[in-house]
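Trainee: Starting from these lines, generate the structure:
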Amino acid sequence: MANRIALMPLYSDYYNIAKRVVDELTEQLGSEEAAYQEIFTNKDALGTPPTTPLALTRQSVANEFLTLYMALGGFNSFGALNWPGYFGGANVPGGKAPYRPME
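Mentor: Here you go, the predicted structure:
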């Protein structure tokens, strides 16, 4: 977060807005899990440029955290064998296909 803010100070506002969005959704929906589900699944948050706090949160904060999580090994949490990074080698017959938990 510090890196993002250093590169683009506007991200400080994005993170404050995201906290407010999560807090408001948690209050409305009854749980933090439901709030995050709403952020990641609400189709109205996909419009570009983002015109609502929810859309801004999804596009400028949540999607970036998800991308970072996956790049740093998130594939492992899904049981993938070749997880440290986006590409782990060629997808060739007889070999271990990248990011597939089943052969």
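Trainee: Go ahead and flag the most central residue of this structure.
Mentor: L66 (2.3 Å; CA atoms, centre = their mean).
Trainee: List the contacts of that residue.
Mentor: F40, G74 (CB atoms under 8 Å, 6 or more residues apart in numbering). C-betas here are computed from N, CA, C, even on glycine.
Trainee: Find me the pLDDT at it, would you?
Mentor: If you check L66, the pLDDT there is 84.
Trainee: tell me which element it falls in.
Mentor: helix 63-71 (DSSP states H and E).
Trainee: Roughly how far does the residue nearest to the centre of the chain sit from I5?
Mentor: 19 Å (CB to CB, to the nearest Å).
Trainee: now R58, nearest residue through space, not along the chain?
Mentor: The spatial neighbour of R58 that comes closest, neighbours along the chain excluded (CB to CB, 6 or more residues apart in numbering), is A45 at 4.0 Å.
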